[in-house]
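A.B. asks: With the input below, show me the fold.
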Amino acid sequence: MKVLIAIPCYNCEKQISRVLTKIERILKSAEQVEGIVVIDNRSNDQTVAVAKRTLEKIKFSIPADIYVNEANYGLGGSHKVAFKLCEKYRCDYLAIVHGDDQANPDDLIRLIKAAVINKEQTVLGSRFMAENTLSNYSPARRRGNKALNFLYSILTLTEIEDLGSGLNLFYTKYITPQILNNCDNDFTFNMDLLLNMVKHKIKFIYRPIFWKSEDEISNAKAFDVGYQSTVKILKWCIGKDQKMVASFDTYNTKKVL
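C.D. replies: Okay, the predicted model is just below:
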C-alpha cells in the first residue's frame, strides 16, 4: 500500500503552514505515505510562498513537492491533477487533505488503518457520523447535510454518510480517467465521483472525522450546495447524470519546488 498525500489549495496562505506541520506530525504513524504534493490552483495570495518556506523549514524525509496549475481548474480540476500525480508518484492510494485546515490530518491515520483492513476500498471521511466532532458548524448546516445524505442514500440504495468532505483516501485502481472525465470541476466534483462509484459498483466505506470552520475562505454557498446536490441526484436517477466535462489529459500542472 503506497499513499500519496495531495493538498489542493486556493488562497490558503493562513492555513497551509498549519496543515503541513500537522502532516509532519502523523508521518511516524503512517509508514504507507510515500510522498506529499501541494497543488496550488492559481492562488492570488501568498499560498505558494508560505508553502515553500514551510517545506524548507520542515525538511520531510519523503518527497514533498509543490505544484501550480497552469490555469484555475476549480476544486474538482485540482482533484483530477492529484489523481494524475498519484500515478506519476506510483502510488495506489490518493489521500486528499484540503489546504484550508478544516479537517484534522490526524484522522488520516484512521482512514489508512481502515484501508489496510478493508483492502482495495476507498475510505471516505464523514463529518456527520455519530462518532465525529464538528466545531463551529451551525445546526442548520448540519441538518441540511444530513437531509442530503438521507436523500442520496434512499435514491442510490447505498449508505451515504457524507457527499464530500475535505479528507478522503481513494483507492485509485478503479477510479479511471473515464470516470474522472465525467466529474465536474467545481465543488460538486465529490458528488459526481460518489455517484460514479455507486454506478460502477466501486467499493467504499466511511469513517468519522473531526471538522471545524474557522478562518477558511469558502466559495461554496449553502443554498448553491443544497440546490446543485439535489439536481445532481435527480438527474442521476433518470439517467441524465454528468457527462464528459473535459479530457483528463487537459489538466496540467507545473512543479515549482
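
A.B. asks: can you pull the buried residues of the helix or strand of the chain with the lowest mean pLDDT?
C.D. replies: Every helix and strand of the chain was ranked by mean pLDDT, DSSP states H and E. The lowest is strand 133-135, at a mean of 73. For strand 133-135, a neighbour-count test (16 or more other Cβ atoms under 10 Å) marks residue 134 as buried. Every C-beta, even on glycine, is put in place using the N, C-alpha and C of the backbone.

A.B. asks: For that strand, which strands pair with it and how are they oriented?
C.D. replies: Strand pairing for strand 133-135, determined by DSSP bridges: strand 210-212 (parallel).

A.B. asks: Beyond the partner strand, next helix or strand please.
C.D. replies: Note on strand 210-212: by DSSP states H and E, the next helix or strand toward the C-terminus is helix 222-237.

A.B. asks: where are the low-confidence patches of the stretch 101-250 of the chain?
C.D. replies: By pLDDT under 70, the low-scoring segments of the stretch 101-250 of the chain are 132, 214-222, 242.

A.B. asks: Let's see that with 80 instead.
C.D. replies: 130-137, 212-223, 240-248 (pLDDT under 80).

A.B. asks: Okay, strands next: where are they in it?
C.D. replies: Assigned by DSSP state E, counting those that start in this stretch, the strands in the stretch 101-250 of the chain fall at 122-126, 133-135, 167-171, 204-208, 210-212.

A.B. asks: Alpha carbons only: can I get the fourth one in PDB?
C.D. replies: Listed in PDB are the C-alpha atoms of strand 204-208, where the atom choice follows Å, rounded to 0.1, in the frame of the first residue of the first chain:
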ATOM      1  CA  PHE A 204     -16.200   2.500  -0.400                       C
ATOM      2  CA  ILE A 205     -16.700   2.900   3.300                       C
ATOM      3  CA  TYR A 206     -16.900   5.800   5.700                       C
ATOM      4  CA  ARG A 207     -15.000   6.700   8.800                       C
ATOM      5  CA  PRO A 208     -15.800   9.700  11.100                       C
END
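
A.B. asks: Can you report how many residues lie near the residue nearest to residue 67 when sequence neighbours are not counted?
C.D. replies: Nearest residue to residue 67 in three dimensions, chain neighbours excluded: residue 253, at 4.3 Å (Cβ to Cβ, 6 or more residues apart in numbering). By other Cβ atoms under 10 Å, 23 other residues sit near residue 253.

A.B. asks: try residue 141
C.D. replies: Neighbours of residue 141 (other Cβ under 10 Å): 15.

A.B. asks: Next: the one 4 residues further on.
C.D. replies: Other residues lying near residue 145 total 22 when counted by other Cβ under 10 Å.

A.B. asks: do residue 29 as well
C.D. replies: For residue 29, using other Cβ under 10 Å, the count is 12.

A.B. asks: Run through the residues that contact the residue nearest to it when sequence neighbours are not counted.
C.D. replies: Spatial nearest neighbour of residue 29, excluding adjacent residues (Cβ to Cβ, 6+ apart): residue 109 at 5.3 Å. Contact analysis of residue 109 by Cβ atoms under 8 Å, 6 or more residues apart in numbering lists 26, 29-30.

A.B. asks: give me that answer again for 10 Å
C.D. replies: Contact analysis of residue 109 by Cβ atoms under 10 Å, 6 or more residues apart in numbering lists 26-27, 29-30.

A.B. asks: go on, residue 209?
C.D. replies: Applying Cβ under 10 Å, 6+ apart, the residues contacting residue 209 are 102-108, 110-111, 124-129, 131-134, 162, 165-168.

A.B. asks: go with 6 Å
C.D. replies: 103, 107, 125, 132, 167 (Cβ atoms under 6 Å, 6 or more residues apart in numbering).

A.B. asks: what residue of this structure is the furthest out?
C.D. replies: residue 238 (27.0 Å; Cα atoms, centre = their mean).

A.B. asks: Neighbours of residue 19, how many?
C.D. replies: 25.

A.B. asks: Equivalent analysis for residue 159, please.
C.D. replies: 11.

A.B. asks: where's residue 62, which helix or strand?
C.D. replies: Assessed by DSSP H and E, residue 62 sits outside every helix and strand.
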